[in-house]
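Trainee: missing the sequence, but the structure's below:
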């Protein structure tokens, strides 16, 4: 299932907003992760802060497993944020 | 005389004395200085003998007006000292290199300003889209820390993040300062280590990724701020919290004990070619 992350906002900032987004994504995915990957499509996301990325990705990876959560279509600064938090 | 980050700690007794903020001789200042002025204004706010002396230099008065310092200080009941600023007329769009002070009292204010005015500030400063995204994320992270570590614990009746930004085209650098009248690094990390007595040690712990949000998987933000500022922008990160000051650049950390402030002043300076 592909989740269009920009539908949450093009500027993604802060842990409280990321917690809400993770909960919403779990509702949208609604069991389909058993059959397919959860693909987070970041096209249209212009700003991603480390705290948002950390909160969102940890919540989804804890829920579905790292191998099921895929990230696609990231702008350079967005992929740098994801890379930075993945290295910690 | 110029009052900037590079001399304010030597001249602090001339500028902050008793409950007076004395900018009379100021011939130029930078956002770091203005951030300190904001925090001292909050600290002195409820003192009956508080006083603000504005600069004699009319160019500096125009600069302070452009920053909307009068709006911020009026909130703090300094109106009787602001006549000179209130009377000063300027054309705001003539200087897009200075951004007005943004006081975001709540996280929602901050989020809204990050999405609009802070991004616009970087665009007006002439940043390209990728750098603007990175710089906005840096401000976002500094602002998040303000709310993540101070909610429920603000020591005075003034709360929130105070954001100042300035572009210096001659030096080809942009500085953004995020100040907050909160509990500071030591106040936040005391939960983790009650024996912590040094502000410098607390700042160093924070910069290393240790967080006062005990039992939560956090603490990456300041590490990313340092990494991006230094490695992507050839810049500097500065943090003054309590009586500790730590400056981080490509040569490492430089700690110093300085005059105390309420809360924290954090900034990043980014350079471009």
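Mentor: Yes, it's here. Since the structure is predicted, the reported quantities are computational estimates derived from the model, not experimental observations.
Trainee: ok, the residue of chain A most remote from its centre to residue A:1 distance?
Mentor: Among residues of chain A, the one most distant from the C-alpha centroid is residue A:35; the distance is 18.8 Å, by C-alpha atoms, centre = their mean. Using C-beta to C-beta, to the nearest Å, we find residue A:35 at a distance of 9 Å from residue A:1. Bear in mind the C-beta positions are built from the backbone N, C-alpha and C, glycine included.
Trainee: chain B contacts on chain A?
Mentor: With C-beta under 8 Å from any C-beta of the partner chain as the criterion, chain A comes near chain B at residues A:9-11, A:13-17, A:46-52, A:54, A:58, A:75-78, A:80-81, A:84-85, A:88.
Trainee: which ones among those map onto helices?
Mentor: Mapping the residues of chain A next to chain B onto helices (DSSP state H) picks out A:15-17, A:50-52, A:54, A:58, A:76-78, A:80-81, A:84-85.
Trainee: neighbours of residue 55, how many?
Mentor: As the question left the chain open, I've gone with chain A. Using other C-beta atoms under 10 Å in any protein chain shown, residue A:55 has 24 other residues around it.
Trainee: I was thinking of chain B, sorry if that wasn't clear
Mentor: So residue B:55, with other C-beta under 10 Å, has 21 neighbours.
Trainee: can you tell me the closest non-neighbouring residue to it?
Mentor: In space, and not counting its chain neighbours, residue B:55 is closest to residue B:26: 4.3 Å by C-beta to C-beta, 6 or more residues apart in numbering or on different chains.
Trainee: show me what contacts that neighbour?
Mentor: B:1, B:2, B:3, B:55, B:57, B:60 (C-beta atoms under 8 Å, 6 or more residues apart in numbering or on different chains).
Trainee: please report how far the fourth one lies from residue B:65.
Mentor: Spatial separation of residue B:55 from residue B:65 under the definition C-beta to C-beta is 11 Å.
Trainee: pLDDT below threshold where in the stretch 1-150 of chain B?
Mentor: Judged by pLDDT under 70, the stretch 1-150 of chain B has no weakly predicted residues.
Trainee: if we can go back for a sec, hmm, which two among the ones in helices among the residues of chain A next to chain B are most spread apart?
Mentor: Using C-beta to C-beta, the two most remote members of these are A:16 and A:76, lying 26.2 Å apart.
Trainee: re earlier: in ChimeraX, how would I select the buried members of the ones in helices among the residues of chain A next to chain B?
Mentor: Entered in ChimeraX, the line below selects the buried ones among these, by 16 or more other C-beta atoms under 10 Å in any protein chain shown:
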select /A:15,16,17,50,51,52,54,77,78,80,81,84,85
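Trainee: pull out the buried positions in stretch B:100-114.
Mentor: Buried residues in stretch B:100-114, defined by neighbour count with 16+ other C-beta under 10 Å: B:100, B:101, B:102, B:103, B:104, B:107, B:110, B:111, B:113, B:114.
Trainee: need the three-state assignment for residue B:165.
Mentor: With DSSP: H, G, I helix; E, B strand; the rest coil as the basis, residue B:165 sits in strand.
Trainee: which element follows the helix or strand harbouring residue B:239 toward the C-terminus?
Mentor: Using DSSP states H and E, residue B:239 falls within strand B:236-241. Going down the chain from strand B:236-241, the next helix or strand is strand B:244-249, by DSSP H and E.
Trainee: so what does the very next helix or strand once past that following strand touch, helix or strand wise?
Mentor: As assigned by DSSP H and E, the chain's next helix or strand after strand B:244-249 is strand B:252-257. With contacts defined as 3 or more C-beta pairs under 8 Å, 6 or more residues apart in numbering or on different chains; DSSP states H and E, strand B:252-257 has these neighbours: helix B:199-207, strand B:244-249.
Trainee: so, low pLDDT: which residues of chain A?
Mentor: Looking at chain A by pLDDT under 70, you get A:33, A:87-88.
Trainee: if we go to 90?
Mentor: A:30-36, A:84-88 (pLDDT under 90).
Trainee: returning to what we had before: the buried residues of stretch B:100-114 in helices, which ones?
Mentor: Cross-referencing these against helices under DSSP H gives B:107, B:110, B:111, B:113.
Trainee: let's have those in CSV, adding distance to residue B:210.
Mentor: Shown next, in CSV, are these (distance: C-beta to C-beta, whole Å):
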residue, distance to residue B:210
B:107, 23
B:110, 24
B:111, 26
B:113, 29
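Trainee: keep only these that also lie close to chain A.
Mentor: Answer for those near chain A (C-beta under 8 Å from any C-beta): B:107, B:111.
Trainee: hmm, back to that, I'd like the buried residues of stretch B:100-114 laid out as CSV, including distance to residue A:66.
Mentor: CSV is the format used below for the buried residues of stretch B:100-114 (distance: C-beta to C-beta, whole Å):
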residue, distance to residue A:66
B:100, 44
B:101, 43
B:102, 38
B:103, 41
B:104, 35
B:107, 29
B:110, 31
B:111, 29
B:113, 34
B:114, 29
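Trainee: which parts of stretch A:13-31 are buried?
Mentor: For stretch A:13-31, using 16+ other C-beta under 10 Å, the buried residues are A:13, A:14, A:15, A:16, A:17, A:18, A:21, A:22, A:25, A:26, A:29.
Trainee: how far away from the center of its chain is it?
Mentor: 8 Å (C-alpha atoms, centre = their mean, to the nearest Å).
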